[in-house]
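Student: prediction below, plus the sequence it came from.
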Amino acid sequence: VQLQASGGGLVQAGGSLSLSCTVSANGVTIFDMGWYRQAPGKERELVALIYKNGLTTYSDSVKGRFTISRDNAENTQALRMNSLKPEDTAVYYCNALIFGGARTLSYWGKGTLVTVSS
């Protein structure tokens, strides 16, 4: 199982960016998918989560600005980030809870850096 994230970059405050993440795996069931971020000197935190049935949850800091989505047929998830703020600067990680081989494990993609300039 591999998760490949893309879409980070540099943007000015108030701008937008989209992140995407593809799960490469065969014969598995993907449950929760989510995005986490880690700013310099801080712990990794949950940004947004989307369940297999499409229900979503967001951290208070991004609610109303970020939108998470997924395509179950393509095993992908995306994060649309609007009205970006300098405090959104962080390395963003995609995550997926995947059942395969008789067990459920949490998988992480390599991070993608998002930098928001003021």
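Tutor: Nice, thanks for sending it over.
Student: tell me the pLDDT at the residue of the chain most remote from its centre?
Tutor: The centre of the chain is farthest from one residue, residue 102, which by CA atoms, centre = their mean lies 25.4 Å away. pLDDT recorded at residue 102 is 88.
Student: just the element for the residue nearest the centre of the chain, please.
Tutor: Nearest residue to the geometric centre of the chain (CA atoms, centre = their mean): residue 35, 2.5 Å. Here residue 35, judged by DSSP states H and E, is contained in strand 29-38.
Student: show me which residues of that strand are buried.
Tutor: 30, 32, 33, 34, 35, 36, 37 (16 or more other CB atoms under 10 Å). (C-beta placed from N, C-alpha, C; glycine too.)
Student: got a list of what the closest residue to the residue nearest to the centre of the chain other than its chain neighbours touches?
Tutor: By the measure of CB to CB, 6 or more residues apart in numbering, the closest residue to residue 35 outside its immediate chain neighbours is residue 47, 4.4 Å from it. Applying CB atoms under 8 Å, 6 or more residues apart in numbering, we find residue 47 in contact with 34, 35, 36, 37, 58, 59, 62, 66, 79, 92.
Student: which one among those gets closest to residue 15?
Tutor: Nearest to residue 15 among the contacts of residue 47, counting by CB to CB, is residue 66 at 13.1 Å.
Student: name the nearest residue to the closest one, ignoring sequence neighbours.
Tutor: In space, residue 66 is closest to residue 81, 5.1 Å off (CB to CB, 6+ apart).
Student: pairing partners for the residue nearest to residue 58 when sequence neighbours are not counted in the sheet, please.
Tutor: Nearest residue to residue 58, sequence neighbours excluded (CB to CB, 6+ apart): residue 48, at 4.9 Å. Bridge pairing for residue 48 (DSSP bridges) gives the partners residue 35, residue 58.
Student: and for residue 2?
Tutor: According to DSSP bridges, beta-bridge pairing links residue 2 with residue 24.
Student: what about the residue nearest to the centre of the chain, distance to residue 98?
Tutor: 16 Å (CB to CB, to the nearest Å).
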